[in-house]
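Asks: No letters, just coordinates:
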């Protein structure tokens with residue numbers, strides 16, 4: 001079934017523009033103004049309102065229509081490296097576009113009066129720049145006209161981005177399965193002291209036309225920043241972010257949100273935000289004839305983003321007012337269990353440290369890994385960094401949980417490969433004895449490179465094993481994880497062990513091992529408890545098959561943000577999964 005057939009089957013109101021199906025209402029954010037664009041065939045989609053992206057399978061899952069595909073069994077690929085995306089698809093290498101088509105499109109534009117008028121007159125790009133970057137014109141089989149912008153790297157064509165030309169509604173497309181690179185990325189090598197980053201190719205071409213050669217353009221939209229670009233820009237001393245100032249509502253500004261996310265990942269210390277006039281982009285400024293003064297002023301006034309955890313009273317008051325006007329709903333990271341999420345009303349917010357504690361063998365790692373996996377499947381980049389288990393063991397637990405199956409065969413591996421394809425799930429581990437400084441630097445690099453929205457570290461007491469200064473070492477480590485969460489604006493789940501407690505007693509915040517600062521420094525404390533199951537050892541009595549009761553109490557201690565509370569989950573030890581208890585028969 002094609003994406004268009006599925007849309008029609010669901011009765012979703014839509015129209016066809018420039019070869020794409022455009023839904024009136026976004027299924028994810030509910031915006032009713034035709035911002036949701038979808039390929040009619042394979043179903044790749046993008047909402048220009050909420051930045052949601054995916055494919056036909058993603059949409060089917062959203063509506064509950066997804067069915068597992070039956071495919072041939074394939075071997076599983078072993079991850080490599082200390083932080084690596086799990087279930088990475090190795091079967092589809094990047095392709096390169098046909099350079100002949102790019103050349104033909106360029107020659108067509110130079111011959112075609114209307115197309116050339118759009119880029120040189122409407123957009124104000126000089127013919128010299130058009131020729132230098134081989135801008136072209138493509139006409140599709142339906143007569144649709146597209147401006148083509150080739151992406152080159154060291155003289156080799158890597159991708160071609162196309163923009164629909166008026167009077168068609170603005171939309172973009174790229175050659176499928178090609179690598180995403182920075183436009184004019186070769187300029188970085190010669191300009192390590194300072195680089196401008198523009199929100200798109202047209203803005204980058206505009207600055208180049210104005211004599212600013214040390215500029216690159218992002219090619220995948222304001223809401224994304226490819227991990228390889230982080231590496232490419234790592235040696236640049238100063239970065240000027242020139243994103244649009246396109247405020248959509250009282251609380252949304254995709255351009256500025258994208259700029260802050262880029263700065264978070266590139267490093268706040270070297271990024272400066274060039275704030276353009278309201279509703280303007282770079283090309284708007286220069287084609288209106290006021291570019292030089294306005295842009296130079298914006299560059300001169302560019303400043304670094306506020307340091308995480310510090311704001312002026314005026315900024316705080318503005319943020320308070322905006323939040324007070326929003327409906328009372330969760331905005332943070334969710335766990336995936338409705339009963340738990342009801343207690344943590346706001347979700348896990350950026351900058352928060354969540355400590356997860358329980359006696360050994362209760363399921364702390366499984367609990368945390370399930371939260372990480374749930375968020376990765378929701379397209380929130382998430383990392384599970386474990387010091388005790390190797391990646392293959394973690395992958396086994398993920399597959400068992402996902403398939404609800406203790407045994408893992410080719411069918412289970414293939415289902416995991418399909419369902420996790422393209423999902424931002426990362427696993428971290430150590431090759432050598434870990435140190436606090438080394439772990440923090442690794443996590444900091446991973447957050448920036450992969451754009452992580454959530455991470456879990458398993459576990460605190462394995463990292464801190466000082467013989468003489470255990471309490472001080474634990475306190476320093478907890479503080480370091482909290483500072484990391486604040487600095488890079490990400491919630492961090494930190495697994496911690498309790499001291500020895502009496503059998504079957506429910507641990508409290510004061511039972512966390514070695515330091516009271518664990519509870520005082522965290523924003524949420526989650527405690528898991530499962531009572532021990534034991535036989536009396538009498539003749540003829542049925543012996544227990546497991547040491548602990550599967551019914552698990554989840555206690556969220558009161559914090560500075562919520563009153564706390566308790567709920568019950570059911571632990572399936574055979575396949576490492578917690579589920580909400582939906583019937584009384586699961587209760588003891």
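Replies: Cool, got the structure. The structure presented is a predicted model; accordingly, all values stated were derived computationally and were not measured.

Asks: end-to-end on stretch 134-147?
Replies: 11 Å (Cα to Cα, to the nearest Å).

Asks: If you could redo that for stretch 271-278, that was the one I meant.
Replies: 21 Å.

Asks: how about that stretch: buried residues?
Replies: Along stretch 271-278, these residues count as buried under the neighbour rule (16 or more other Cβ atoms under 10 Å): 271, 272, 273, 274, 275, 276. Yep, even glycine has a C-beta here, placed from its N, CA and C like the rest.

Asks: Now do the contacts for residue 200.
Replies: With contact taken as Cβ atoms under 8 Å, 6 or more residues apart in numbering, residue 200 is in contact with 183, 217, 218, 219, 281.

Asks: from what I can see residue 208 touches residue 215, true?
Replies: Yes. Residue 208 is within contact range of residue 215, at 6.1 Å (criterion: Cβ atoms under 8 Å).

Asks: which neighbours do those two share?
Replies: residue 184.

Asks: can you tell me the average pLDDT over the lengthiest helix in the chain?
Replies: Determined from DSSP state H, the single longest helix within the chain is helix 470-487. Per-residue pLDDT over helix 470-487 has a mean of 87.

Asks: Give me the buried positions along it.
Replies: In helix 470-487, counting by 16+ other Cβ under 10 Å, buried: 473-478, 481-487.

Asks: Pull up the distance across stretch 287-294, start to finish.
Replies: By Cα to Cα, the extent of stretch 287-294 from end to end equals 12 Å.

Asks: Can you point out the buried residues in it?
Replies: Buried-residue list, stretch 287-294, by 16+ other Cβ under 10 Å: 291, 294.

Asks: ok, residues contacting it?
Replies: Stretch 287-294 is contacted by residues 122, 123, 124, 206, 210, 276, 277, 280, 282, 285, 286 when judged by Cβ under 8 Å, 6+ apart.

Asks: Output those residues as JSON lines; include the columns pLDDT, secondary structure and distance to residue 16.
Replies: Converted to JSON lines, the contacts of stretch 287-294 look like this (pLDDT from 0 to 100; DSSP: H, G, I helix; E, B strand; the rest coil; distance: Cβ to Cβ, whole Å):
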{"residue": "122", "pLDDT": "92", "secondary structure": "helix", "distance to residue 16": "25"}
{"residue": "123", "pLDDT": "93", "secondary structure": "coil", "distance to residue 16": "26"}
{"residue": "124", "pLDDT": "92", "secondary structure": "coil", "distance to residue 16": "31"}
{"residue": "206", "pLDDT": "95", "secondary structure": "helix", "distance to residue 16": "31"}
{"residue": "210", "pLDDT": "92", "secondary structure": "coil", "distance to residue 16": "38"}
{"residue": "276", "pLDDT": "89", "secondary structure": "coil", "distance to residue 16": "33"}
{"residue": "277", "pLDDT": "86", "secondary structure": "coil", "distance to residue 16": "35"}
{"residue": "280", "pLDDT": "82", "secondary structure": "coil", "distance to residue 16": "31"}
{"residue": "282", "pLDDT": "92", "secondary structure": "helix", "distance to residue 16": "31"}
{"residue": "285", "pLDDT": "88", "secondary structure": "helix", "distance to residue 16": "34"}
{"residue": "286", "pLDDT": "88", "secondary structure": "helix", "distance to residue 16": "34"}
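
Asks: which of those count as buried?
Replies: Using 16+ other Cβ under 10 Å, the buried members of the contacts of stretch 287-294 are 123, 124, 206, 210, 276, 280, 282, 285, 286.

Asks: Quick one: the helices in the stretch 151-300 of the chain, in order.
Replies: Listed in chain order, the helices of the stretch 151-300 of the chain (DSSP state H, counting those that start in this stretch) span 187-190, 201-209, 227-232, 254-266, 282-287, 291-300.

Asks: Residues contacting the third one, please?
Replies: So that's helix 227-232. 181, 182, 185, 188, 218, 265, 266, 448, 449, 450, 451.

Asks: In it, which residues are buried?
Replies: Buried-residue list, helix 227-232, by 16+ other Cβ under 10 Å: 227, 229, 230, 232.

Asks: what does the first one give?
Replies: Along helix 187-190, these residues count as buried under the neighbour rule (16+ other Cβ under 10 Å): 187, 188.

Asks: Enumerate every residue touching the closest residue to residue 245 other than its chain neighbours.
Replies: Distances taken as Cβ to Cβ, 6 or more residues apart in numbering place residue 276 nearest to residue 245, at 4.6 Å, with adjacent residues excluded. Residues near residue 276 by Cβ under 8 Å, 6+ apart: 242, 244, 245, 282, 285, 294, 295, 298.

Asks: which among those gets closest to residue 407?
Replies: Ranked by distance to residue 407 (Cβ to Cβ), these are led by residue 244 at 51.8 Å.

Asks: State the distance from the nearest residue to that closest one once chain neighbours are set aside to residue 33.
Replies: Once flanking residues are discounted, residue 244 sits nearest to residue 255: 3.4 Å by Cβ to Cβ, 6+ apart. Residue 255 sits at a distance of 18 Å from residue 33 (criterion: Cβ to Cβ, to the nearest Å).

Asks: Residue 414 too?
Replies: In terms of Cβ to Cβ, residue 414 sits 40 Å off from residue 33.

Asks: same thing with residue 192?
Replies: 43 Å.

Asks: who's more crowded, those two?
Replies: residue 192 (13 against 10; other Cβ atoms under 10 Å).
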